[in-house]
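K.L.:
build the 3D model from these lines:
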Amino acid sequence: MSTAMSTRSETSHCNRNKAFPALVLLVLGFAVLYVLTAQRGVSWGDSGLFQRRIMDCDLTGSGGLALAHPLYVATAHLVTRFVPVSMQAWLINALSGLWGALAVGGMFACALRLAHSVRAAIIAAVSLGCAHMFWWLSSMSEVYTLSVLLLACEVYCLTTAIQKCSPLPLAVAFLANGVHFSVHNFALLSIPVEVTAAVWLLAKTQAGRRSVAACTLGCGLVAWFAGASPILSLAVGRLSATGSIAETMTDILVGGYGSAVSGESGAPLRVTLFNLALAAMSFTLPCWIAAARNVFFSGCRPRSKPRAEVLFLSAVLLVHFAFWIRYRVSDQATFVLPTLFMAILLASPLFRNVRRPLIWACATLASAIAVPCVATAVMSSSADMLLRSRGELPFRDDLRYFALPWKHDENSAMRFVAAAAKELPPGALLLVDSTVEGPLAAAARLGMLPNGIRLSSTVPDRPLSKTCWEVRPYGAYRISPPEAKVARRGTFYEVILP
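P.N.:
The predicted structure follows:
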């Protein structure tokens, strides 16, 4: 007995000695990778709008509280204040990479806590950091990498609380969830699991200590409100403006996407299939080969009862997967990150018997580079209806844009802005959709466009003149009325209103 305990103690001490250097190297390595591959200028769509909002410290935006992400915007604005205006667009993109690198470190810590193996934690961390969509979102201005970092904090505290049967780590998890809520609504999906874990902990606590445990968890709930105060303060302002609790709750929970959240409606089937194919690229990693091999070779062994922390973590995975798979919007693939994180974490115990983890890490990085390049080469020679149905943006190759996760050489939005600065007259009214509004709004904030250019997603009731401009007046993207006369002028179209 004493010999076995001594062996376990030596193994644990060895893991601690190896863990910290590995954690530091992983975070620094992926920080360098993401910063070097971050997009250099303004971005399309929501990323461009984030850049404009961050530079203006706009905590609410125009999409309602569900899309406000106030803590993300405020934190990025604080960082960008200390750099020249010419560097702000790049720094906002690079900041997503820094959050992503810390999230990779969070995966390492969570996998080490769950699998009790440094090699398993290394493989899990590298698998997350090299996953296609995680790398993709770490090179552009997006909120998802910070959201995954906070999810990692929650999961680490939840796992620790269950393993040690201690309420204090779970109270910290409540605090992390509140902060997460001020970054993204993903936080709300984990609350039922964490509350269930609190009830479970109270039931497992001895009767004499139950009041102390309940008090600790109560302090955690108070800490949740403190962490969620940025978004809750906006909700209070919304409530005072509307006077409707139901309207405020709908705005903060789902905004204008209630039918997509419920799965009742959403993007067309072709767009959904394209998003599923894009999300599947994040799972083309060698780690799943290692996991399958270990499952196969251990298939004949007697299976023990799943540990309590595995059951709770599986519940977190299921709620995030159910949300993601039902949320059929045009950018559905970007919402796969929590599901991806939890899937790799739960698979991490299967990586313990893998030998030479550095070779597996190098193979993972190689596959993360090779798979997008091969996919681009194979699909570029054929007419891809899934991509073509999304429309055509000036200067952008949609296949390369979505398939390649690195964005340091992706300058289509900057070339589009340059065309706007050259072709549009000062004071022009430009009719835009959300995709082209992003780079134009960020460029206007950076002084890259002629003075007085106005952006509008609808035709004004009383325009200052009967002439305005449009980017793509055809198909589903046409904003001007059908009776308007349209003439192409280079990249843009001149619209003569009736």
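K.L.:
from here on, contacts and neighbour counts on C-alpha atoms
P.N.:
OK.
K.L.:
any weak-confidence spans in the stretch 301-450 of the chain?
P.N.:
Along the stretch 301-450 of the chain, the model assigns pLDDT under 70 to residues 301-304, 381-391.
K.L.:
contacting residues for the residue nearest the centre of the chain?
P.N.:
In the chain, the C-alpha nearest the mean C-alpha coordinate belongs to residue 144, at 1.9 Å (C-alpha atoms, centre = their mean). Contacts for residue 144 (C-alpha atoms under 8 Å, 6 or more residues apart in numbering) come out as 137, 184, 334, 335, 337.
K.L.:
out of the residues you listed, which are inside strands?
P.N.:
With strands taken from DSSP state E, there is no overlap with the contacts of residue 144.
K.L.:
going through these, which ones are buried?
P.N.:
137, 184, 334, 335, 337 (16 or more other C-alpha atoms under 10 Å).
K.L.:
tell me the one among the residues you listed nearest to residue 315.
P.N.:
Among the buried ones among the contacts of residue 144, residue 337 lies closest to residue 315 (C-alpha to C-alpha), at 16.0 Å.
K.L.:
so that closest one is in contact with residue 132, correct?
P.N.:
No: the pair residue 337 / residue 132 is not scored as a contact, 10.1 Å apart, by C-alpha atoms under 8 Å.
K.L.:
give me the common contacts of these two.
P.N.:
With C-alpha under 8 Å, 6+ apart, residue 337 and residue 132 have no common neighbours.
K.L.:
packing partners of the helix or strand where residue 108 lies?
P.N.:
For residue 108, the host element (DSSP states H and E) is helix 85-115. Here helix 85-115 touches helix 2-36, helix 45-56, helix 70-80, helix 118-130, helix 132-137, helix 144-164, helix 337-347, going by 3 or more C-alpha pairs under 8 Å, 6 or more residues apart in numbering; DSSP states H and E.
K.L.:
number of residues surrounding residue 482?
P.N.:
12 (other C-alpha atoms under 10 Å).
K.L.:
check which helix or strand it maps to.
P.N.:
Residue 482 belongs to no helix or strand when assigned by DSSP H and E.
K.L.:
measure it to residue 76 for me?
P.N.:
41 Å (C-alpha to C-alpha, to the nearest Å).
K.L.:
now residue 52
P.N.:
From residue 52 to residue 76 the distance is 11 Å (C-alpha to C-alpha).
K.L.:
ok, for residue 202, nearest residue in space, not its chain neighbours?
P.N.:
Computed as C-alpha to C-alpha, 6 or more residues apart in numbering, the closest residue to residue 202 that is not its neighbour in sequence is residue 210, at 6.2 Å.
K.L.:
please export the C-alpha coordinates of the strand or helix carrying the one you found as CSV.
P.N.:
Taking DSSP H and E as the definition, residue 210 sits inside helix 210-227. The C-alpha coordinates for helix 210-227 follow below in CSV (Å, rounded to 0.1, in the frame of the first residue of the first chain):
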residue,chain,number,x,y,z
ARG,A,210,-23.3,21.8,4.9
SER,A,211,-24.1,25.3,6.2
VAL,A,212,-20.5,26.5,5.4
ALA,A,213,-20.7,24.9,1.9
ALA,A,214,-24.1,26.6,1.3
CYS,A,215,-22.7,30.0,2.4
THR,A,216,-19.7,29.5,0.1
LEU,A,217,-22.0,28.7,-2.9
GLY,A,218,-24.2,31.7,-1.9
CYS,A,219,-21.1,33.9,-2.1
GLY,A,220,-20.5,32.4,-5.6
LEU,A,221,-24.0,33.5,-6.7
VAL,A,222,-23.3,37.0,-5.5
ALA,A,223,-20.0,36.9,-7.4
TRP,A,224,-21.9,35.8,-10.5
PHE,A,225,-23.9,39.1,-10.4
ALA,A,226,-20.7,41.0,-10.0
GLY,A,227,-19.1,39.3,-13.0
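K.L.:
list the buried residues of the helix or strand just after it.
P.N.:
The helix or strand immediately downstream of helix 210-227 is helix 229-242, counting by DSSP H and E. For helix 229-242, the neighbour count (16+ other C-alpha under 10 Å) marks 229, 230, 231, 232, 234, 235, 238, 239 as buried.
K.L.:
from those residues, which is closest to residue 494?
P.N.:
Using C-alpha to C-alpha, residue 238 comes nearest to residue 494 of the buried residues of helix 229-242, at 38.6 Å.
K.L.:
counting neighbours, what do you get for the spatially closest residue to that closest one that is not a sequence neighbour?
P.N.:
Excluding its sequence neighbours, the residue lying closest to residue 238 (C-alpha to C-alpha, 6+ apart) is residue 248, at 6.3 Å. When neighbours are counted by other C-alpha under 10 Å, residue 248 registers 22.
K.L.:
again with residue 220
P.N.:
Around residue 220 there are 23 residues (other C-alpha under 10 Å).
K.L.:
biggest separation within the contacts of residue 144, which pair?
P.N.:
Pairwise over the contacts of residue 144, using C-alpha to C-alpha, the maximum falls at 137 and 184, 14.8 Å.
K.L.:
once you drop chain neighbours, what's closest to residue 146?
P.N.:
Counting by C-alpha to C-alpha, 6+ apart, residue 146 lies nearest to residue 99, which is 5.2 Å off, once chain neighbours are set aside.
K.L.:
what lies in contact with the helix or strand encompassing residue 251?
P.N.:
Take DSSP H and E as the rule and residue 251 turns out to sit in helix 245-253. Helix 245-253 has contacts (C-alpha under 8 Å, 6+ apart) with 64, 65, 66, 185, 235, 238, 239, 242.
K.L.:
pLDDT score for the closest residue to the second one other than its chain neighbours?
P.N.:
Okay, so that is residue 65. Counting by C-alpha to C-alpha, 6+ apart, the nearest residue to residue 65 once its immediate chain neighbours are dropped is residue 252, at 4.7 Å. The score at residue 252 is 92. That number is its pLDDT.
K.L.:
next one: residue 252 from residue 142, what distance?
P.N.:
Per C-alpha to C-alpha, residue 252 is found 19 Å from residue 142.
K.L.:
between these two, who's got more neighbours?
P.N.:
Ranked by neighbour count (other C-alpha under 10 Å), residue 252 and residue 142 place residue 142 first, with 25 against 20.
K.L.:
for residue 53, see how far away the more buried one is.
P.N.:
For residue 142 relative to residue 53 (C-alpha to C-alpha), the value is 12 Å.
K.L.:
what does residue 246 give?
P.N.:
27 Å.
K.L.:
of those two, who's got more company?
P.N.:
Neighbour count, other C-alpha under 10 Å: between residue 246 and residue 53, residue 53 has more, with 23 against 10.
K.L.:
ok, the more buried one - contacts?
P.N.:
Going by C-alpha under 8 Å, 6+ apart, residue 53 touches 59, 61, 73.
K.L.:
between those, identify the one with the most neighbours.
P.N.:
Most surrounded of the contacts of residue 53: other C-alpha under 10 Å gives residue 73, at 25 neighbours.
K.L.:
these two touch, right, that residue and residue 56?
P.N.:
No: assessed by C-alpha under 8 Å, residue 73 is found out of contact with residue 56, at 9.3 Å.
K.L.:
still on that earlier bit, turn the helices and strands packed on helix 85-115 into JSON lines, columns for distance to residue 324.
P.N.:
Shown next, in JSON lines, are these (distance: least, C-alpha to C-alpha, whole Å):
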{"stretch": "helix 2-36", "distance to residue 324": "25"}
{"stretch": "helix 45-56", "distance to residue 324": "18"}
{"stretch": "helix 70-80", "distance to residue 324": "21"}
{"stretch": "helix 118-130", "distance to residue 324": "18"}
{"stretch": "helix 132-137", "distance to residue 324": "14"}
{"stretch": "helix 144-164", "distance to residue 324": "13"}
{"stretch": "helix 337-347", "distance to residue 324": "8"}
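K.L.:
so for residue 486, which of those helices sits nearest?
P.N.:
Comparing these by C-alpha to C-alpha, helix 45-56 comes nearest, at 24.4 Å.
K.L.:
that concludes my questions; thank you for your assistance.
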